[in-house]
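J.: For reference, the sequence and a predicted model appear below.
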Amino acid sequence: MPEFLMRYKPGLKAQALEMALSVTALASKLFEMEVAWEAREFDDCFGQPDFVVTGWITDNDDIYRVTVFLVQQKILTLMRLHAYKDQTVGCWWQRVKGNWGDDTGLLERP
């Protein structure tokens with residue numbers, strides 16, 4: 001499953017969440033699957049755009065080699081549409097190798 005982290009500068013939460021929802025819809029359409037995401041305000045930082053999407057998709061078989069470039073370009077264009085002229089945006093999407101696992105706990109609730 002693809003996922004991304006939307007980071008944003010302080011005071012821009014509402015705008016960032018609106019942007020993240022649009023990014024999710026576009027990425028889901030382009031990857032043809034559900035996309036997970038998280039939004040987080042920057043802590044102390046220097047040299048970062050006002051809004052940054054850092055995304056990744058597990059691609060052990062190089063299936064998304066071309067798609068990931070298209071996704072990155074289209075998301076960056078979409079982010080520009082949600083930003084004001086004095087705001088900056090950035091997008092970095094990568095393919096990663098790996099295996100995802102999740103499970104439930106074994107303890108019974110009291």
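T.: Received, thanks.
J.: Mind checking what helix or strand follows the biggest helix by length in the chain in sequence?
T.: Longest helix of the chain, by residue count under DSSP state H: helix 13-31. Counting by DSSP states H and E, the next helix or strand C-terminal to helix 13-31 is strand 36-41.
J.: Please, where are all the helices along this protein?
T.: Under DSSP H, the chain gives helices at 13-31, 67-82.
J.: Give me the helices and strands touching the shortest one, please.
T.: Read it as helix 67-82. Applying 3 or more Cβ pairs under 8 Å, 6 or more residues apart in numbering; DSSP states H and E, one finds that helix 67-82 contacts helix 13-31, strand 51-58, strand 89-96. Backbone N, C-alpha and C define where each C-beta goes, glycine included.
J.: could I get those as CSV with distance to V66 and mean neighbour count?
T.: Below are these laid out as CSV (distance: least, Cβ to Cβ, whole Å; neighbours: other Cβ atoms under 10 Å):
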stretch, distance to V66, mean neighbour count
helix 13-31, 11, 17
strand 51-58, 12, 20
strand 89-96, 10, 16
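J.: Which one of those lies nearest to M79?
T.: strand 89-96 (4.0 Å; Cβ to Cβ).
J.: who's in contact with the closest one?
T.: Residues outside strand 89-96 that contact it (Cβ atoms under 8 Å, 6 or more residues apart in numbering) are 4, 48-59, 62, 64-65, 68, 71-72, 75-76, 79-80, 82-83.
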